[in-house]
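**Q** Model the following, please.
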Amino acid sequence: MTSEALPEAAETYLRALGVELSDAPPDTVREIVEDVRAHITDALDSGRTMDQALAGLGSPQAVAGQAREELALADGGLDHAARAGRTLRAVAVAVGVLTAVCVSFLLRSAALLPLDLTEAGPDEQSIVERYGPGLAMLTLLPALIAAVPFALPVRTRGMAGVVGAAVLTALTCVSGEMGLYYFPLVLLLWAATIVPSAMRRGFGRVAVRSWHLAAAVFVALPGLLGVSAIVTRTLGTDWVGVVLWIVGPLVLAVLCARGIRAAYAVVALGGALVMIFSMVALGFLFAAFWLFGGLYLMIGASGFVAVRAKARDRVEQRSPAGQRGMSPST
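**A** Predicted structure coming up:
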């Protein structure tokens, strides 16, 4: 069988492979696709069925990943999972810097440091006022730990990310009140480690749908709580509050459950705005809003980077490998 006479299933597979390598140099992509085309042709000429030939290759994602490793394309053209991890890590670093600013300059509590320095000044002082800028700079350490993988070789970034996330998790657990405020950073770091790994392994449709539904439940929580409060008449609100805290989250939850990428972007933006708002309007519920906003940001950012554009989804869903095992990015 000649390469020009390949069945449509093979051509669909090759198109999906080309999409996976779309950010690599065009000549390299053409060479890889032609090599795979020749492999499929040889398999069919030897008497194997199309399903057997494609099963022997693996998914387009797996073939693209192997090609990147063999041809050292990881730096020049990042695969989708790698880009997702880098984006989540960049968001984590930004949250770490924001947290350091909040903890050092805005929060006024003697309980923020697990040190016996209560004689240094009045209780109602920030860390930078109480202990000076030198000690306050230590609040940037988590952000620096989160950023370490960016400065390392590609092959060591994954392990460095896991170690950094584990170290910051431990520090968060033993740092008392201060650790509480770094919890969103820790969530994002684990997302930057787990999401790319899950995308590379791939999961079935049921797992993907379950992931979207779990995210939708968290997104819908404010709306569900708001409805419950209005029904029981424990909370009164105007139409603006109804739109922001009830209708908005419920609509976003439905869209997230359907895997709509734009909905996850709005969720991430909403979480970031809630965190910033909690800093501007410090009050009794500051910690609750800070943690809630961080959770929203993590869910939204993870969903946004994991869900692929619809055009790419359609190509992958038509390929036999895509029909057998979908990744969380569908």
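**Q** who's in contact with residue 301?
**A** 87, 88, 91, 188, 191, 264, 268 (C-beta atoms under 8 Å, 6 or more residues apart in numbering). All C-beta atoms are positioned from the backbone trio N, CA, C, and that covers glycine.
**Q** and those as JSON lines, adding neighbour count and pLDDT?
**A** Formatted as JSON lines, these follow (neighbours: other C-beta atoms under 10 Å; pLDDT from 0 to 100):
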{"residue": "87", "neighbour count": "17", "pLDDT": "93"}
{"residue": "88", "neighbour count": "26", "pLDDT": "95"}
{"residue": "91", "neighbour count": "26", "pLDDT": "96"}
{"residue": "188", "neighbour count": "26", "pLDDT": "96"}
{"residue": "191", "neighbour count": "25", "pLDDT": "95"}
{"residue": "264", "neighbour count": "25", "pLDDT": "95"}
{"residue": "268", "neighbour count": "21", "pLDDT": "96"}
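**Q** out of those, what pair is the most spread apart?
**A** By the measure C-beta to C-beta, 188 and 264 form the most distant pair in those, at 14.1 Å.
**Q** residues in contact with the residue nearest to residue 173 when sequence neighbours are not counted?
**A** The spatially closest residue to residue 173, leaving aside those adjacent along the chain, is residue 179, at 6.3 Å (C-beta to C-beta, 6 or more residues apart in numbering). Contacts here follow C-beta under 8 Å, 6+ apart; on that basis residue 179 touches 171, 172, 173.
**Q** Just to be sure, which of those are found in helices?
**A** 171, 172, 173 (DSSP state H).
**Q** List just the nearest of these to residue 286.
**A** Comparing the ones in helices among the contacts of residue 179 against residue 286 with C-beta to C-beta places residue 172 closest, at 17.5 Å.
**Q** shouldn't that closest one be in contact with residue 189?
**A** No. Using C-beta atoms under 8 Å, residue 172 makes no contact with residue 189, being 10.3 Å away.
**Q** so how many other residues sit close to residue 26?
**A** For residue 26, the neighbour count with other C-beta atoms under 10 Å is 10.
**Q** ah, wrong one, I meant residue 245
**A** 18.
**Q** ok, back up a step: tell me the one of the contacts of residue 301 nearest residue 247?
**A** residue 264 (18.1 Å).
**Q** can you tell me how far the closest one sits from residue 164?
**A** From residue 264 across to residue 164, the span is 24 Å (C-beta to C-beta, to the nearest Å).
**Q** sorry, back to before: make CSV from the contacts of residue 301 and add secondary structure and distance to residue 130 to it.
**A** Output for the contacts of residue 301, formatted as CSV (DSSP: H, G, I helix; E, B strand; the rest coil; distance: C-beta to C-beta, whole Å):
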residue, secondary structure, distance to residue 130
87, helix, 36
88, helix, 34
91, helix, 30
188, helix, 28
191, helix, 33
264, helix, 40
268, helix, 34
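**Q** Nearest to residue 43 among those?
**A** Nearest member of those to residue 43, counting by C-beta to C-beta, is residue 87, at 37.2 Å.
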